[in-house]
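**Q** Quick check, what structure comes out for this input:
(2 chains)
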Amino acid sequence: MDVDRTADIFDDTLGEEEEEELTAEEVLQKLEEAWVNEKNSPELLEPKMEFVECMLEQMESMEQNLETLKKGDLRIYVHKMEIARIKFLINSYLRSRLDKIQSYFYHYSQVPDADNPSKLTKEETEFLEKYQRSVGELFQDICFRHLQGSVDFSQTTMKPPQPNIEGAVFINVLKSLRGLEIRDTAGSGRDETLDLEEGDQHLMQYSGISHLIEGGVVKLV
Amino acid sequence: MEPTEYEFMAENEKIQINPKFNWSTMTLIQGDVGPFKAGQLMQVPLWLAVMLRQEDKCTIETPEWLDLERLEECRDEEKESPTFTEMPAKHIFEISNILLDLTSASILNADKIRSVLKEIFDMRQSKLRKSVDAFMQGNYLHAKINNLQQIELSNFRPILPQAFDHMHRFNVATGAASRQASISLNSSRSFSMDTQ
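**A** Take a look at the predicted model:
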């Protein structure tokens, strides 16, 4: 069979350097990890939009290259399949973030301060505001306009639904860590200190390990 | 996470194939594959292997752990050990499911392998159930669960973390109630002392 003359076109798509100098393969790997973590975490994690954007660029240039190939070329199916897989990954990642924003929209709309930097992207913030407005209008139409007087929600002491950060999660340890403290948030004095070995898997409360996810010390399973 | 999503993750694992055609290296986003030479074994991601096999462009080399004797050894080890033994491969259940569905004609004793794998899975599930019971009784704060595959954990996801959450909420409520009770007890005691 002839040597593939169109191979050169594809050389441009690989090896695009990010600021952290990751290959496309590594970016995809990191995106998959971020996807799994996001799906298993009760609260919104740091957005990894730079990986999403990198993958979208890669897919676009790949799709453009595919148009230059003649029909029936074997490579078309292979590349299309890969693009479909990456699209699914990105879709699922973004959807799971939006799900969480929708479930706990009041909690995430609190004005972020220095202790709690907002973990929403610009587009997600817009979505949140639109959603909050729609829900407010809905409640207004259905119920509040029929009530006597006016209802002011900033005066109420009820807490809106919050993500359950004390829920249990399964974790897989990526880097060893000695002396992790686990506080018993129920106050019955079961505080423990644990050593985490690489490769171990544990079940514990999310609040005990949430600070270790970003640094890549543990990953959620 | 759903089992289909775990299968999606398992499809990224590499597997050996024997291509029936020749082609130069393909530059995929997730890495290069190739060059393809008919008759020469090579490694590709599982999703690609399945696709090529369905177009009848390659044969898939059965991984060495997907063998009846090896799996029967695993099953016997699992039976004897009180804890979970290490499985021969990551994503073993997902990959064997895909391969058995696709290439059962070329795998020896495919049916027996399927039943041995099911036995191993069921054994591990029942061990998991017993240890969950012990975990709840002991009111522990965390548990170590090495050697468990991700898909087995997800099978348990509705039960174990939620049971843990409920216990936790009861503990919080009990703690708060007992603190409340001791405060009111102390205040009533001091009141009666004053009136004397």
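**Q** tell me which element the residue lying closest to residue B:28 once chain neighbours are set aside falls in.
**A** The shortest distance from residue B:28 to any residue that is not its chain neighbour, by CB to CB, 6 or more residues apart in numbering or on different chains, is 5.4 Å, and that residue is residue A:82. Yep, even glycine has a C-beta here, placed from its N, CA and C like the rest. When elements are assigned from DSSP states H and E, residue A:82 belongs to helix A:74-103.
**Q** So what's the residue count around residue B:56?
**A** By other CB atoms under 10 Å in any protein chain shown, the residues close to residue B:56 number 8.
**Q** Give the next helix or strand downstream of the helix holding residue A:82.
**A** Immediately after helix A:74-103, counting by DSSP H and E, sits helix A:105-108.
**Q** Can I get that next one in PDB, CA atoms only?
**A** Included here for helix A:105-108 are C-alpha records, laid out as PDB according to Å, rounded to 0.1, in the frame of the first residue of the first chain:
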ATOM      1  CA  PHE A 105     -28.400  27.600  42.900                       C
ATOM      2  CA  TYR A 106     -29.200  29.700  46.000                       C
ATOM      3  CA  HIS A 107     -26.000  28.600  47.700                       C
ATOM      4  CA  TYR A 108     -23.800  29.300  44.700                       C
END
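**Q** Now do the following helix or strand past it: everything it contacts.
**A** Beyond helix A:105-108 on the C-terminal side, the first helix or strand identified by DSSP H and E is helix A:122-142. If you take CB atoms under 8 Å, 6 or more residues apart in numbering or on different chains as the criterion, helix A:122-142 is touched by A:47, A:97-98, A:101-102, A:105-106, A:108-109, A:118, A:120.
**Q** again with stretch B:26-39
**A** Identification of contacts with stretch B:26-39 by CB under 8 Å, 6+ apart yields A:7, A:10-11, A:13-14, A:24-25, A:28, A:55, A:58-59, A:62, A:75, A:78-79, A:82-83, A:86, B:12, B:18-25, B:42, B:44-45, B:48.
**Q** That stretch spans what distance, first to last residue?
**A** Using CA to CA, to the nearest Å, the end-to-end distance of stretch B:26-39 comes to 18 Å.
**Q** can you pull out the helices in chain B?
**A** Ranges of helices in chain B, per DSSP state H, are B:3-10, B:46-54, B:68-80, B:92-103, B:110-138, B:150-155, B:160-194.
**Q** and the longest one, anywhere near chain A?
**A** Yes: residues of helix B:160-194 contacting chain A under CB under 8 Å from any CB of the partner chain: B:160-162, B:164-165, B:168, B:171-172, B:174-175, B:179.
**Q** Next, the residues that contact the longest strand seen in chain B from outside, please.
**A** Secondary structure of chain B read by DSSP state E shows that its longest strand is strand B:14-19. The contact list for strand B:14-19, computed with CB under 8 Å, 6+ apart, reads B:36-46, B:49, B:52-53, B:57-61, B:63, B:95.
**Q** if you set the cut-off to 6 Å instead, what comes out?
**A** Outside strand B:14-19, the residues that touch it by CB atoms under 6 Å, 6 or more residues apart in numbering or on different chains are B:36, B:38, B:41, B:43-44, B:46, B:49, B:58-61.
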